[in-house]
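Chemist: Got a predicted model here, sequence first, then my questions.
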Amino acid sequence: LEDIRSLSRAFAKAELRPNTERWDAERSFDDDVVPKLGELGFMGMLVSEKDGGMGFDPRYLAATLEEFAWGEPAIAAVVAQTTLAADVITTYGTPEQRAKWLDGIAAGDLVGCVAYGEEPGAIETYATRERGGWQMDGRKRYVVNGDLAHLAIVLARTDEGNALFAVPRERGINITARAETMGMRAVALVD
(Lines give C-alpha, C1' and ligand atoms only; values in the text may rest on other atoms or scores of the structure.)
Protein backbone atom coordinates (compact mmCIF):
# COMPACT_ATOMS: atom_id res chain seq x y z
CA LEU A 1 0.00 0.00 0.00
CA GLU A 2 2.78 2.43 0.85
CA ASP A 3 4.47 1.81 -2.53
CA ILE A 4 1.26 2.83 -4.32
CA ARG A 5 0.85 5.84 -2.05
CA SER A 6 4.44 6.92 -2.79
CA LEU A 7 3.99 6.47 -6.55
CA SER A 8 0.74 8.42 -6.40
CA ARG A 9 2.36 11.25 -4.42
CA ALA A 10 5.29 11.39 -6.83
CA PHE A 11 2.92 11.61 -9.81
CA ALA A 12 0.84 14.29 -8.09
CA LYS A 13 3.94 16.29 -7.20
CA ALA A 14 5.53 16.08 -10.65
CA GLU A 15 2.54 16.06 -13.00
CA LEU A 16 -0.43 17.62 -11.23
CA ARG A 17 0.49 20.20 -8.62
CA PRO A 18 2.68 22.35 -10.92
CA ASN A 19 -0.27 22.77 -13.30
CA THR A 20 -3.18 23.45 -10.94
CA GLU A 21 -3.35 27.23 -11.43
CA ARG A 22 -3.07 27.02 -15.20
CA TRP A 23 -5.65 24.22 -15.44
CA ASP A 24 -8.02 26.13 -13.16
CA ALA A 25 -7.72 29.24 -15.34
CA GLU A 26 -8.09 27.26 -18.58
CA ARG A 27 -10.93 25.15 -17.14
CA SER A 28 -9.34 21.97 -18.48
CA PHE A 29 -6.32 19.79 -17.97
CA ASP A 30 -3.73 18.64 -20.50
CA ASP A 31 -4.72 15.92 -22.96
CA ASP A 32 -1.82 13.67 -21.96
CA VAL A 33 -2.80 13.33 -18.27
CA VAL A 34 -5.29 10.45 -18.59
CA PRO A 35 -3.01 8.38 -20.86
CA LYS A 36 -0.19 8.86 -18.35
CA LEU A 37 -2.50 7.72 -15.56
CA GLY A 38 -3.41 4.67 -17.60
CA GLU A 39 0.21 3.88 -18.40
CA LEU A 40 1.02 3.81 -14.69
CA GLY A 41 -2.02 1.64 -13.91
CA PHE A 42 -4.03 4.25 -12.01
CA MET A 43 -7.09 4.13 -14.26
CA GLY A 44 -7.53 0.39 -13.86
CA MET A 45 -6.64 -0.13 -10.23
CA LEU A 46 -9.87 -1.99 -9.44
CA VAL A 47 -10.28 -3.62 -12.86
CA SER A 48 -9.31 -7.29 -12.73
CA GLU A 49 -6.08 -8.43 -14.32
CA LYS A 50 -8.01 -10.59 -16.81
CA ASP A 51 -9.82 -7.41 -17.94
CA GLY A 52 -6.58 -5.45 -18.36
CA GLY A 53 -6.33 -3.81 -14.94
CA MET A 54 -4.33 -4.16 -11.76
CA GLY A 55 -6.89 -6.05 -9.67
CA PHE A 56 -6.16 -4.08 -6.48
CA ASP A 57 -8.55 -3.77 -3.58
CA PRO A 58 -10.24 -0.42 -2.82
CA ARG A 59 -7.67 0.60 -0.18
CA TYR A 60 -5.15 1.23 -2.95
CA LEU A 61 -7.57 3.40 -4.86
CA ALA A 62 -8.40 5.38 -1.71
CA ALA A 63 -4.72 6.06 -1.06
CA THR A 64 -4.22 7.13 -4.67
CA LEU A 65 -7.23 9.43 -4.69
CA GLU A 66 -6.02 11.07 -1.50
CA GLU A 67 -2.65 11.84 -3.06
CA PHE A 68 -4.16 12.99 -6.35
CA ALA A 69 -6.57 15.28 -4.48
CA TRP A 70 -3.53 16.89 -2.87
CA GLY A 71 -2.03 17.40 -6.34
CA GLU A 72 -5.17 18.41 -8.26
CA PRO A 73 -8.66 17.46 -6.99
CA ALA A 74 -10.10 17.53 -10.51
CA ILE A 75 -7.83 14.65 -11.52
CA ALA A 76 -8.87 12.70 -8.43
CA ALA A 77 -12.48 13.21 -9.59
CA VAL A 78 -11.67 11.96 -13.10
CA VAL A 79 -10.07 8.80 -11.70
CA ALA A 80 -12.89 8.25 -9.18
CA GLN A 81 -15.66 8.69 -11.77
CA THR A 82 -13.96 6.41 -14.28
CA THR A 83 -13.32 3.81 -11.59
CA LEU A 84 -16.99 3.89 -10.56
CA ALA A 85 -18.08 3.39 -14.17
CA ALA A 86 -15.64 0.50 -14.57
CA ASP A 87 -16.84 -1.06 -11.32
CA VAL A 88 -20.45 -1.04 -12.53
CA ILE A 89 -19.39 -2.73 -15.78
CA THR A 90 -17.31 -5.25 -13.81
CA THR A 91 -20.15 -6.05 -11.42
CA TYR A 92 -23.20 -5.95 -13.68
CA GLY A 93 -21.97 -5.82 -17.26
CA THR A 94 -22.25 -8.51 -19.87
CA PRO A 95 -19.10 -10.25 -21.13
CA GLU A 96 -19.40 -8.11 -24.27
CA GLN A 97 -19.52 -4.88 -22.23
CA ARG A 98 -16.56 -5.99 -20.15
CA ALA A 99 -14.56 -6.70 -23.31
CA LYS A 100 -15.61 -3.43 -24.93
CA TRP A 101 -14.86 -1.07 -22.02
CA LEU A 102 -12.60 -2.38 -19.27
CA ASP A 103 -9.31 -2.79 -21.09
CA GLY A 104 -9.60 0.68 -22.65
CA ILE A 105 -10.47 2.25 -19.30
CA ALA A 106 -7.56 0.53 -17.58
CA ALA A 107 -5.18 1.66 -20.33
CA GLY A 108 -6.29 5.28 -20.03
CA ASP A 109 -7.69 5.27 -23.56
CA LEU A 110 -11.31 5.62 -22.38
CA VAL A 111 -12.86 7.75 -19.65
CA GLY A 112 -16.08 7.02 -17.80
CA CYS A 113 -18.57 8.88 -15.68
CA VAL A 114 -21.60 8.10 -13.57
CA ALA A 115 -24.89 9.94 -13.99
CA TYR A 116 -26.86 8.87 -10.95
CA GLY A 117 -26.37 11.51 -8.32
CA GLU A 118 -30.00 12.39 -7.69
CA GLU A 119 -32.33 10.81 -5.15
CA PRO A 120 -34.16 7.77 -6.57
CA GLY A 121 -37.52 9.57 -6.39
CA ALA A 122 -36.17 12.57 -8.32
CA ILE A 123 -34.92 10.76 -11.43
CA GLU A 124 -35.76 12.74 -14.56
CA THR A 125 -34.47 10.15 -17.01
CA TYR A 126 -36.74 7.46 -18.41
CA ALA A 127 -35.91 4.37 -20.44
CA THR A 128 -38.45 2.42 -22.41
CA ARG A 129 -37.92 -0.95 -23.99
CA GLU A 130 -38.02 -1.00 -27.78
CA ARG A 131 -37.30 -3.71 -30.32
CA GLY A 132 -33.65 -4.57 -30.00
CA GLY A 133 -32.88 -2.27 -27.09
CA TRP A 134 -33.86 0.76 -25.07
CA GLN A 135 -34.82 4.36 -25.77
CA MET A 136 -33.73 6.83 -23.12
CA ASP A 137 -34.98 10.38 -22.63
CA GLY A 138 -34.41 12.85 -19.86
CA ARG A 139 -31.78 14.90 -18.15
CA LYS A 140 -28.93 14.38 -15.73
CA ARG A 141 -27.46 17.27 -13.79
CA TYR A 142 -24.03 17.87 -12.37
CA VAL A 143 -22.28 14.96 -14.01
CA VAL A 144 -18.59 15.13 -13.14
CA ASN A 145 -16.47 14.26 -16.15
CA GLY A 146 -19.47 14.16 -18.46
CA ASP A 147 -17.83 16.12 -21.25
CA LEU A 148 -14.80 13.79 -21.39
CA ALA A 149 -16.53 10.48 -20.91
CA HIS A 150 -16.63 7.85 -23.59
CA LEU A 151 -19.04 5.88 -21.38
CA ALA A 152 -21.72 7.09 -18.98
CA ILE A 153 -23.37 4.84 -16.42
CA VAL A 154 -26.88 6.30 -16.27
CA LEU A 155 -29.59 5.62 -13.71
CA ALA A 156 -33.04 5.76 -15.31
CA ARG A 157 -36.62 4.88 -14.49
CA THR A 158 -38.18 1.99 -16.39
CA ASP A 159 -41.57 0.31 -16.26
CA GLU A 160 -39.91 -2.35 -14.11
CA GLY A 161 -38.21 0.08 -11.69
CA ASN A 162 -34.91 1.93 -11.67
CA ALA A 163 -32.06 0.49 -13.73
CA LEU A 164 -28.48 1.30 -14.66
CA PHE A 165 -27.52 1.64 -18.33
CA ALA A 166 -24.10 1.74 -19.96
CA VAL A 167 -24.44 4.54 -22.52
CA PRO A 168 -21.63 5.12 -25.03
CA ARG A 169 -21.03 8.75 -25.93
CA GLU A 170 -21.88 8.15 -29.57
CA ARG A 171 -25.34 6.85 -28.65
CA GLY A 172 -26.79 10.26 -27.95
CA ILE A 173 -25.23 11.91 -24.92
CA ASN A 174 -25.84 15.62 -25.29
CA ILE A 175 -24.04 18.13 -23.07
CA THR A 176 -26.20 21.23 -22.64
CA ALA A 177 -24.29 23.30 -20.08
CA ARG A 178 -21.20 23.44 -17.94
CA ALA A 179 -21.72 24.57 -14.35
CA GLU A 180 -19.81 27.56 -13.06
CA THR A 181 -17.97 26.25 -10.02
CA MET A 182 -15.78 27.90 -7.39
CA GLY A 183 -13.18 25.15 -7.58
CA MET A 184 -12.18 22.02 -9.47
CA ARG A 185 -12.65 23.91 -12.72
CA ALA A 186 -10.19 21.71 -14.58
CA VAL A 187 -12.91 19.07 -14.84
CA ALA A 188 -16.41 19.86 -16.03
CA LEU A 189 -19.57 19.52 -14.01
CA VAL A 190 -22.15 19.28 -16.80
CA ASP A 191 -25.87 18.94 -17.45
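Modeler: Arrived safely, thanks for sending.
Chemist: State the pLDDT value of the residue nearest the centre of the chain.
Modeler: The centroid of the chain falls nearest to Thr82 when counting by Cα atoms, centre = their mean (2.4 Å). Per-residue confidence (pLDDT) for Thr82: 96.
Chemist: ditto for Val34
Modeler: So Val34 comes in at 96 (pLDDT).
Chemist: With Gly121 instead?
Modeler: According to the model, Gly121 scores 79 on pLDDT.
Chemist: if I look at it, how far off is Asn162?
Modeler: Distance, Gly121 to Asn162, using Cβ to Cβ, to the nearest Å: 10 Å. Placement of C-beta: from N, CA and C, glycine included.
Chemist: The residue nearest to the centre of the chain sits in which helix or strand?
Modeler: Assigned by DSSP states H and E, Thr82 belongs to helix 73-92.
Chemist: Report the separation between the residue of the chain most remote from its centre and Pro95.
Modeler: Here the chain has its C-alpha centre computed as a mean, and the residue farthest from that point, by Cα atoms, centre = their mean, is Arg131 with 29.5 Å. In this view, Arg131 and Pro95 are 23 Å apart by Cβ to Cβ.
Chemist: Leu164 now?
Modeler: Taking Cβ to Cβ, one finds Leu164 at 17 Å from Pro95.
Chemist: Flag every buried residue along the helix or strand following the helix holding Thr82.
Modeler: Following helix 73-92 in sequence order, the next helix or strand is helix 95-107 (DSSP H and E). By neighbour count on 16 or more other Cβ atoms under 10 Å, the buried set for helix 95-107 is Arg98, Lys100, Trp101, Leu102, Asp103, Gly104, Ile105, Ala106, Ala107.
Chemist: can you pull the pLDDT of the fifth one?
Modeler: Going back to what we said before, that points to Asp103. pLDDT at Asp103 comes out at 96.
Chemist: wait, what's in contact with it?
Modeler: Applying Cβ atoms under 8 Å, 6 or more residues apart in numbering to Asp103 gives the contacts Asp51, Gly52.
Chemist: what's near enough to touch the residue nearest to the residue nearest to the centre of the chain when sequence neighbours are not counted?
Modeler: Nearest residue to Thr82 in three dimensions, chain neighbours excluded: Gly112, at 4.4 Å (Cβ to Cβ, 6 or more residues apart in numbering). Shown in contact with Gly112 (Cβ under 8 Å, 6+ apart): 81-86, 101, 105, 145, 149-153.
Chemist: Kind regards, and thank you for your time.
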